[in-house]
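Enquirer: can't give you the sequence, but here's the structure:
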């Protein structure tokens, strides 16, 4: 074979490879989005079922639609710096933009009608990296997988004929996903608090802390309030926005504080199943104090343009192998793109 013939073939191979690689990337993108396998769960399906449950409200998040922006600081005591090289854990103070919300896609739902509440935070490190986390005021996730969460949303959709969920569908779901019985047990005895300020918010999913030598420690974290718990009262139920009014009034008087408590896993603790609580005797570390100082309406506030994607992590914090994390990230992105586009359209229509 001549040198010129070999050179021609090499050029042809390189050209073919240059065409195959972009095609392969496109195929992977389509697969990740669920387009090549209709039966595979995608972010579109998750967002659609959430909209079916809470209704479509242009310009709002598809879940945890009703909320309030908050601004403050995180003061680290340095206790977690040996576990993670993330700047957020070094002794010092960094700014935080957060958001309190209630679960569901209806931004007009009465606060007292939704027992599950959330706290989302964005920590702005001095090196330009951010740590974003979304936490919920419940001890564990209802189900173990993304598919089960989708099935739960579908099973609890109101029947058009009655306006209520079909009891048979829910019974069939529980039979197929018995892990949810633990969540039902918790929910049955749970009494919501009278304030976002007194709720404890938990990461639910597990993450890895990475130190400067590359050692990893599986953890979950919680924001534990300094404010004493008081149960939801009949007086609270007279105000459909009592959580927002209460928090705004409290912050007008003084800052509100939570301790960041990190729970360290031991061998055998689930890294990929947020429906399983870790034993209560696990070692914990108080990593510092969140100090919130100001509240703002969400549509005009600093939190409006923040996507609290749980996979936006600084060096020193990494995702675990929990598949729900990737699903949350994808659904959050889909919701963010939709609502910001809708808000831009609304602004363009305004006189």
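Expert: Cool, the structure landed. Since this is a predicted model, take the numbers as computed values, not measurements. Residues are numbered from 1 along each chain as shown.
Enquirer: what helix or strand does residue 59 sit in?
Expert: Per DSSP states H and E, residue 59 falls between elements, in no helix or strand.
Enquirer: And the residue nearest to residue 191 when sequence neighbours are not counted, how far from residue 100?
Expert: With CB to CB, 6 or more residues apart in numbering as the criterion, residue 191 has its nearest non-adjacent residue at 4.9 Å, and that residue is residue 231. From N, CA and C alone the C-beta is placed, and that goes for glycine too. As judged by CB to CB, to the nearest Å, residue 231 and residue 100 stand 18 Å apart.
Enquirer: Got phi/psi on residue 340?
Expert: Phi and psi for residue 340, reported as degrees, to the nearest 10, are phi -70, psi -40.
Enquirer: If you could redo that for residue 308, that was the one I meant.
Expert: With angles defined as degrees, to the nearest 10, residue 308 sits at phi -80, psi 60.
Enquirer: which of residue 231 and residue 100 has more neighbours?
Expert: Taking neighbours as other CB atoms under 10 Å, residue 231 and residue 100 compare with residue 100 leading, 27 against 10.
Enquirer: that's a strand at that one, yeah?
Expert: Yes - under DSSP: H, G, I helix; E, B strand; the rest coil, residue 100 sits within a strand.
Enquirer: Dig out what it forms beta bridges with.
Expert: Applying DSSP bridges to residue 100 yields these beta-bridge partners: residue 68, residue 119.
Enquirer: List the residues that contact it.
Expert: Counting by CB atoms under 8 Å, 6 or more residues apart in numbering, residue 100 touches 67, 68, 70, 117, 118, 119, 196, 243, 247.
Enquirer: in the stretch 101-250 of the chain, which spans are strands?
Expert: Taking DSSP state E, counting those that start in this stretch as the test, the strands found in the stretch 101-250 of the chain are 117-124, 130-136, 201-202, 207-210, 216-225.
Enquirer: Could you pull out the buried residues of the longest one?
Expert: Within strand 216-225, the residues scored as buried using 16 or more other CB atoms under 10 Å are 217, 218, 219, 220, 221, 222, 223, 224, 225.
Enquirer: Quick check: which ranges of the stretch 101-250 of the chain have low pLDDT?
Expert: Along the stretch 101-250 of the chain, no part satisfies pLDDT under 70.
Enquirer: Which residue ranges of it form helices?
Expert: Along the stretch 101-250 of the chain, the segments classed as helices by DSSP state H, counting those that start in this stretch run 146-155, 167-176, 180-189, 242-253.
Enquirer: With mean neighbour count and distance to residue 268 added, can I get these in TSV?
Expert: Listed next are these as TSV, based on neighbours: other CB atoms under 10 Å; distance: least, CB to CB, whole Å:
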stretch	mean neighbour count	distance to residue 268
helix 146-155	18	22
helix 167-176	12	26
helix 180-189	12	18
helix 242-253	17	38
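Enquirer: so can I have a markdown table of those showing distance to residue 84?
Expert: Below are the helices of the stretch 101-250 of the chain laid out as a markdown table (distance: least, CB to CB, whole Å):
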| stretch | distance to residue 84 |
| --- | --- |
| helix 146-155 | 27 |
| helix 167-176 | 38 |
| helix 180-189 | 30 |
| helix 242-253 | 30 |
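Enquirer: Of those helices, which is nearest residue 272?
Expert: helix 146-155 (11.4 Å; CB to CB).
Enquirer: which helices and strands does that closest one pack with?
Expert: helix 43-54, helix 167-176, helix 323-349 (3 or more CB pairs under 8 Å, 6 or more residues apart in numbering; DSSP states H and E).
Enquirer: Give me whichever of the ones you listed is most buried.
Expert: Most buried of the helices and strands packed on helix 146-155, by mean neighbour count (mean count of other CB atoms under 10 Å): helix 43-54, with a mean of 19.
Enquirer: Could you pull up the mean pLDDT of that one?
Expert: Here helix 43-54 scores 56 as its mean pLDDT.
Enquirer: Bridged to the residue nearest to the spatial centre of the chain, which residues?
Expert: Nearest residue to the geometric centre of the chain (CA atoms, centre = their mean): residue 134, 3.7 Å. With DSSP bridges as the criterion, residue 134 is bridged to residue 120.
Enquirer: show me the contacts for it.
Expert: 118, 119, 120, 308, 310, 328.
Enquirer: ok, now with 10 Å
Expert: 64, 99, 101, 118-121, 201, 203-205, 308-310, 328, 332 (CB atoms under 10 Å, 6 or more residues apart in numbering).
Enquirer: how far away is it from residue 177?
Expert: According to CB to CB, residue 134 stands 23 Å off from residue 177.
Enquirer: Tell me, how many residues neighbour the closest residue in space to residue 232 that isn't next to it in sequence?
Expert: Excluding its sequence neighbours, the residue lying closest to residue 232 (CB to CB, 6+ apart) is residue 192, at 4.6 Å. Residues near residue 192, counting by other CB under 10 Å, number 18.
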